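> Predicted model and sequence follow; I will ask about them next.
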Amino acid sequence: MEPVVHLRAAVALLGRFPALAGIDLDVARREIVLLRGPNGAGKTTLLRALAGLVPVVRGEAVVLGCDLRRDARSVRPRVGLLGHGTGLFDDLTVVDNVRFWGRASRADAGDVAAALALVGLDGHLRDIAVGRLSAGQRRRTSLACLLARRPELWLLDEPHAGLDHETRDQLDELVRRAVQQGATVVLASHELDRAESLAHRTVELVGGMTAHPDQPGFVRGDGRPSDQSREQNASAGEVTHVA
Amino acid sequence: MWRDAVLVAGRDLRVERRSRVATNQVAPFSLLVLVLFAFALDPDRQLLERVASGLFWAAVLFSALLAIARSAAIDEADGVRDALRLSGLEPGGVFVGKAAAVAVVLLALEVLLGVGVVVLYGVDPAGAGLLALTCVAATLALAATGTLYGALVSGLRVRETLLPLLLLPTLAPVLVGATRAFEAALAGVPADGWPWVGLLSAFAVAYLIAGALAYGSLLEGS
């Protein structure tokens, strides 16, 4: 079966600078992959590249059958990114926000109601302006927006940040349920215990590259570097990484 | 595209209704401008009547700057630009929707300012058809141009100061055309005003098309 994510020696730019170099990654359908690495390793940039928001300029990069180098825009409506920004309008209520982003992705009223119920925002909170919510409640609203869109590929950047223990459990359960229903998940997190228990596999990022097998922390999987990326890694001194 | 435009226009108007920026800040500001002009020119009532058209459109233009900046700020909220790019919304539809929402706010302000001009400046409104069509054409031109430039400066650190600097010279033809058309209507010679309405309409259509085509690139670049 064709992988949902297929990267080989992929190079992505932030502005004019290469932020990712020599990325090899394969993610199968219904798989949960954890990206691990220190600050600045390129986890956020890789998630944004997979969403088609950061241009991939070299190597192979295919997500959900779309070639990111040729037409990154076509993959965007099919992925859901829970990033550092909430993507919410403070003056609108929870339900208005979820309804807007849901309708933008052709979701119907049933999808919106179901998303709100899944994150526990279908009670009195649904009619509260987002600007008056706590950070955790805002995060849950962002998650509801993502759920309403029913994406095929979930890209979660520090998904547990700002959530209480109970909500983290709920999030993990939602991720597992989405995977059972056919979704694929790539997440980046510093909360390794929780994230590793959720993920099927871990891929290490070091300095904007997938790590060598002989580097510490590397977990072998389909993210194994190719010969081409090893050559790039060997000359990595010239690569400036930004994340 | 039209479905997306309706969706975005509805969102922007809902944000305006909830935040009440237009009613609590922009509308009082525009009325204040009219009142200040009235104080400045009060000794010469005839002069006030004569320049009422220009003062009306100058007040609309200043208010439009606030409304346009506010409209652009909606999509600069935390992570909204990325969410827009991921949403699958047609960029041309987003542009048309945002311009339509700004136009609705401006038309409401123009009604308010129109009443203000009649009360404060003693203007006798005549040529209602020409006045109304001038308002529609000029408002579309203001909204389309403003929305396009709002996206152009979006993400820049100096956007608040750069936007009026770019926008005011660009909108000078709209100010001139709308003022001339109003003067013709109020003077009872509507035939002199229609060519100006034509100019305003051409300006509005040109910027609506340019904006719908360019908005996707601006969204990617900012």
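The structure has been received and is ready for your questions.
> show me the contacts for A:Ala148.
A:98-99, A:101-102, A:105, A:107, A:111-112, A:114-115 (Cβ atoms under 8 Å, 6 or more residues apart in numbering or on different chains). In short, each C-beta sits where N, CA and C put it, glycine included.
> ok, which of these also contact chain B?
A:101, A:105 (Cβ under 8 Å from any Cβ of the partner chain).
> Of the contacts of A:Ala148, which is the nearest to chain B?
Among the contacts of A:Ala148, A:Ser105 lies closest to chain B (Cβ to the nearest Cβ), at 5.6 Å.
> Can you give me the distance of the closest one to B:Gly146?
Distance, A:Ser105 to B:Gly146, by Cβ to Cβ, to the nearest Å: 28 Å.
> okay, those two: which has more neighbours?
B:Gly146 (29 against 20; other Cβ atoms under 10 Å in any protein chain shown).
> just checking, A:Glu157 touches A:Gly85?
I think there's a mix-up here, since residue A:157 is Asp and not Glu. No: the criterion here is Cβ atoms under 8 Å, and A:Asp157 misses it with A:Gly85 at 9.6 Å.
> who has more neighbours, the two?
Set A:Asp157 next to A:Gly85 and count neighbours by other Cβ under 10 Å: A:Asp157 wins out with 21 against 16.
> what bridges to that one?
A:Asp157 has these beta-bridge partners by DSSP bridges: A:Ala188.
> and it, what is it in contact with?
By Cβ under 8 Å, 6+ apart, the neighbours of A:Asp157 are A:43-44, A:47, A:81-84, A:187-188.
> Report the contact partners of the residue of chain B found nearest chain A.
Residue nearest to chain A within chain B: B:Gly79 (2.0 Å; Cβ to the nearest Cβ). If a contact means Cβ under 8 Å, 6+ apart, then B:Gly79 has A:83-88, A:142 as its contacts.
> Which of these fall within helices?
A:Ser142 (DSSP state H).
> With respect to B:Val35, which of the contacts of B:Gly79 is nearest?
Nearest to B:Val35, judged by Cβ to Cβ, of these is A:Leu88 at 38.0 Å.
> in chain A, which spans are strands?
A:5-14, A:17-27, A:32-36, A:56-63, A:66-67, A:79-82, A:153-157, A:184-188, A:201-206, A:209-210 (DSSP state E).
> tell me what the third one is packed against?
For strand A:32-36, the packing partners by 3 or more Cβ pairs under 8 Å, 6 or more residues apart in numbering or on different chains; DSSP states H and E come out as helix A:43-50, strand A:184-188, helix A:192-198, strand A:201-206.
> Then the first one?
For strand A:5-14, the contact count by 3+ Cβ pairs under 8 Å, 6+ apart identifies strand A:17-27, helix A:43-50, strand A:56-63, helix A:227-234 as packing neighbours.
> Give me the number of neighbouring residues for A:Leu7.
By the measure other Cβ under 10 Å, the count of residues near A:Leu7 is 28.
> Give me the distance between the residue nearest to it when sequence neighbours are not counted and B:Ala184.
Distances taken as Cβ to Cβ, 6 or more residues apart in numbering or on different chains place A:Leu25 nearest to A:Leu7, at 4.4 Å, with adjacent residues excluded. Counting by Cβ to Cβ, the gap from A:Leu25 to B:Ala184 is 67 Å.
> can you list the residues of chain A near chain B?
Counting by Cβ under 8 Å from any Cβ, the residues of chain A near chain B are A:48, A:51-53, A:76-77, A:79-81, A:83-92, A:96, A:100-101, A:103-106, A:129, A:142, A:145, A:149.
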